[in-house]
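Student: Fold the following, please.
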Amino acid sequence: MKNLVRFQLSAMMFLEFFIWGGWFVTLGTFLGNNLEATGTQTAMAFSTQSWGAIIAPFIIGLIADKFFNAERILGFLHLAGAVLLFMMYTSEDFGTFYPYILGYMILYMPTLALVNSISFFQMNDPEKQFSGIRVFGTLGWIIAGLVISLVFAWDAPEARAEGMLRNTFLMVAIASAVLGLFSFTLPKTPPSSKGEKVTLSDILGLEALALLKGRNFLMFFIASVLICIPLAFYYQNANPFLSEVGMEDPTAMMTIGQISEVLFLLLLPFFFKKFGFKITLLAGMLAWALRYLLFAYGNAGELVYMLIIGIALHGICYDFFFVAGQIYTDSKAGPKIKSAAQGLITLATYGVGMLIGFYVAGLISDLYLNADGSHDWEQIWIVPAGFAFVVMILFAIFFKNEKLDKKVIEKI
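Tutor: Model (predicted):
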């Protein structure tokens, strides 16, 4: 790969995830502080990610894969997204804010697939080259959190009281406009199925439903949907929780999770070889339960280390279940329905699973809301901890251990 192309793809990935991390992490805190949103309204806002994930395949399948170059669609979506992000910045109440965030996430979620498509098209050996490009996305998410906390201090108590978290939307609106314009300079990525008939079955990955006939894959599929419920609690409540209990620089502290994600990704092949797929997934699910128990009983004082460990467990939580699950799906599907299988899992988890999860997290947050506007966080975190533990036990009982092909592990 030419150095110029490598730089272009790396910059694209950096901006793609800088934009997402620059507002999504602090969204719950912003809604509560700036718009006085209830837990249910906050759930509605976060659920737009799921609606975007559900609608995204139609945009990619019906438009990007048939009619237009991927880099041009990426540019258009980010330019339109910049306008919506600016409108979110100017919103004064939840009723005004919600249509903008819904429209934005419908536009943004397809870009996650587009940046991957653009990258893969330029690579002659994606298995070796992609990780070196994708890591800039994680770096972009981390930098966004550090900028919010350490450069501008928008999440500091005084700044939150003055409504400064609103500025995160202005920051990422500018970044989205930059990426939108930059996208038109990216290497050309023509439609992958121009002239071919794309069916609804292709878009939704329905060919992969045949995999559910196997007991193991069915149990994995169900567990994947269910574990997204406690995952939604983290995305929706972690930043408001850390801010409310008084942790210093909460958004910057949450970047520890992304750093651990990179580190544990390196350990994933070792766990696969040493302990097998089932134990690896069980370790990921156990980490979810432990994380929420640490959040429930830790504090920003003498027990702050419990909160930091809970954040750092994000690497195990995400890599040992979701990344491991993607690899497992890849190994079970085979080359013919590989894309359909990954699409089906994504639709089930980030679409259906997290849609349910955000709704439940909103109800629980409202249920344990105190009269003074604070929350009973111990009770809130006990719910996803117990739920993750139950899913882990059911998976341990009904999933029969199996070894993955060595060639699959070597690809990690």
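
Student: Now for Cys372: which residues touch it?
Tutor: To be clear, residue 372 is Asp; Cys isn't right here. When the contact criterion is CB atoms under 8 Å, 6 or more residues apart in numbering, Asp372 has no partners at all. All C-beta atoms are positioned from the backbone trio N, CA, C, and that covers glycine.

Student: For it, report the pLDDT, please.
Tutor: Note for Asp372: predicted pLDDT of 92.

Student: Now do the phi/psi pair for it.
Tutor: Here is the backbone geometry of Asp372 (degrees, to the nearest 10): phi -90, psi 10.

Student: how much space between it and Asp366?
Tutor: 15 Å (CB to CB, to the nearest Å).

Student: Equivalent analysis for Gly298, please.
Tutor: To Asp366, Gly298 is 23 Å away according to CB to CB.

Student: Compare these two (neighbour count), which wins?
Tutor: Between Gly298 and Asp366, counted using other CB atoms under 10 Å, the more crowded position is Gly298 (22 against 15).

Student: which one is that one nearest to, not counting chain neighbours?
Tutor: In space, and not counting its chain neighbours, Gly298 is closest to Met306: 3.0 Å by CB to CB, 6 or more residues apart in numbering.

Student: Could I get the average pLDDT for the host helix or strand of Pro99?
Tutor: Secondary structure assigned from DSSP states H and E places Pro99 in helix 94-121. Along helix 94-121, the predicted local confidence has a mean pLDDT of 92.

Student: try stretch 176-185
Tutor: 98.

Student: If we go by neighbour counts, what in that stretch is buried?
Tutor: 176-180, 182-183 (16 or more other CB atoms under 10 Å).

Student: Surely Ile54 is in contact with Thr349?
Tutor: No. With the criterion set as CB atoms under 8 Å, Ile54 and Thr349 do not qualify as a contacting pair; they are 11.3 Å apart.

Student: the more surrounded of these two?
Tutor: For Ile54 versus Thr349, the count of surrounding residues by other CB under 10 Å is larger for Thr349: 23 against 18.

Student: Name the single longest helix found in the chain.
Tutor: Using DSSP state H to define each element, the chain has its longest helix at helix 250-297.

Student: What's the first helix or strand after that one?
Tutor: Once helix 250-297 ends, the next helix or strand along the chain (criterion: DSSP H and E) is helix 304-312.

Student: residue ranges with poor pLDDT in this protein?
Tutor: Low-confidence segments of the chain, defined by pLDDT under 70: 60-66, 127, 192-206, 335-336, 339, 403-412.

Student: Show me how it divides into domains.
Tutor: Segmentation of the chain into domains, based on automatic domain parsing, reads 1-190, 204-412.

Student: Please tell me how far the nearest residue to Ala153 once chain neighbours are set aside sits from Arg166.
Tutor: Ranked by CB to CB, 6+ apart and with sequence neighbours excluded, the top spatial neighbour of Ala153 is Ala159, at 5.6 Å. For Ala159, the distance to Arg166 under the criterion CB to CB works out to 10 Å.

Student: And stretch 346-361, how far out from the chain middle?
Tutor: Taking CA atoms, centre = their mean, to the nearest Å, the mean C-alpha location of stretch 346-361 is offset from the chain mean by 11 Å.

Student: rewinding a little: the helix holding Pro99 packs against which elements?
Tutor: Other helices and strands packing on helix 94-121, by 3 or more CB pairs under 8 Å, 6 or more residues apart in numbering; DSSP states H and E, are helix 3-24, helix 39-59, helix 70-90, helix 126-146.

Student: need those helices in CSV with distance to Ser260, can you?
Tutor: Conversion of the helices and strands packed on helix 94-121 to CSV gives the following (distance: least, CB to CB, whole Å):
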stretch, distance to Ser260
helix 3-24, 15
helix 39-59, 22
helix 70-90, 28
helix 126-146, 11
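
Student: for the ones you listed, which one sits closest to Gly257?
Tutor: In this view, the helices and strands packed on helix 94-121 are compared for proximity to Gly257 by CB to CB, and helix 126-146 is the closest at 9.3 Å.

Student: For the helix or strand following the closest one, buried residues please.
Tutor: The first helix or strand that comes after helix 126-146 along the chain, using DSSP H and E, is helix 157-161. Buried positions in helix 157-161, judged by neighbour count with 16+ other CB under 10 Å: 159-160.
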